[in-house]
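>>> test case, fold it:
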Amino acid sequence: MRDPLVLLPAILCDARLFLAQIAMFSDQRPVIFAPLAEGETIEEMAKALLENLPPTFALAGIGMGGVVAMEILRRAPDRVTRIALMDTNAQAEMPNVAAERELLIAKARAGNLADAIGTEMKASFLAQGPHKAEIHQLVMDMGMRLGAETFVRHSRAMMRRPDQQKTLRTARAPALVLCGEEDPVCPVRRHEFIQTLMPAATLRVIPGAGHLPPLEQPEAVNQAFREWLDAPMILN
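From the prediction side, this is the model:
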């Protein structure tokens, strides 16, 4: 039996973010979508997930899900057989970004959740393409469905997230570092930096994608996942 594939979503996203990956890989191995539904901090979210995940698993996270994935790797490196980090950030939140989040939290609490989500995930964060408007509407729908309480909890967790550079330097599992070529939130250079920290990392830049490649270029992400999942396990 192949190790299960665990998928961790971006902020305010549900399983619809990964529909193409679930459809592609669920006939080859167990695929587990793990919502970030418990915990007030990244550390608490990782701890809650580890209590319910299988003994070993391949782990893929995007955005906030990538941040939680790094914390899972820090806590339980022997359980993570391979890791994929997508459109994410290994460093702590910058003060100016944290201040912007505070404004969005106030907006969500005041009943303007749609405006807060629209700022958290602007349409400009996605690459140009025929399905851009449709994808952005899906993102808005996912965020509205999860609600203001989740928006506040996720935002606070991201504001207080730990720096994970040391975690990545000590990682030995086969690693995929993936990002959209046009991602303005977590640009390519940030992923090049993550790759330099990880001794077993392969960098894949996805053309025609911005901050959410699984939705924008699902086939390219599936191909990158296939190569990552098939990579040899034995590392020096």
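>>> contacts, neighbours, all on C-alpha from now
Noted.
>>> where are the low-confidence patches of this protein?
Applying pLDDT under 70 to the chain flags the ranges 1, 234-236.
>>> residue contacts, the residue most central in space within it?
Residue closest to the average C-alpha location in the chain (Cα atoms, centre = their mean): residue 62, at 1.4 Å. Applying Cα atoms under 8 Å, 6 or more residues apart in numbering to residue 62 gives the contacts 8, 9, 10, 85, 86, 87, 88, 212.
>>> could those residues be laid out in CSV, adding secondary structure and distance to residue 50?
Shown next, in CSV, are those (DSSP: H, G, I helix; E, B strand; the rest coil; distance: Cα to Cα, whole Å):
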residue, secondary structure, distance to residue 50
8, strand, 12
9, coil, 16
10, coil, 18
85, strand, 18
86, strand, 20
87, coil, 22
88, coil, 20
212, coil, 25
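>>> okay, and the beta partners of the residue nearest to the centre of the chain?
residue 86 (DSSP bridges).
>>> please apply the same query to residue 6.
Beta-bridge partners of residue 6, counted by DSSP bridges, are residue 32, residue 59.
>>> dump the residue contacts of it.
31, 32, 33, 34, 57, 58, 59, 60.
>>> would you mind measuring from the fifth one to residue 193?
Between residue 57 and residue 193 the distance, using Cα to Cα, to the nearest Å, works out to 25 Å.
>>> these two: which is more packed in?
residue 57 (21 against 14; other Cα atoms under 10 Å).
>>> and that one, how far from residue 3?
Distance from residue 57 to residue 3, by Cα to Cα: 5 Å.
>>> hey, which helix is longest across this protein?
Longest helix in the chain, counting residues (DSSP state H): helix 132-159.
>>> which neighbours do residue 57 and residue 3 have in common?
By Cα under 8 Å, 6+ apart, the residues touching both residue 57 and residue 3 are residue 81.
>>> follow-up on the earlier one: and which of the contacts of residue 62 is nearest residue 44?
Comparing the contacts of residue 62 against residue 44 with Cα to Cα places residue 8 closest, at 14.5 Å.
>>> isn't the closest one up against residue 33?
Yes: using Cα atoms under 8 Å, residue 8 makes contact with residue 33 at a distance of 6.5 Å.
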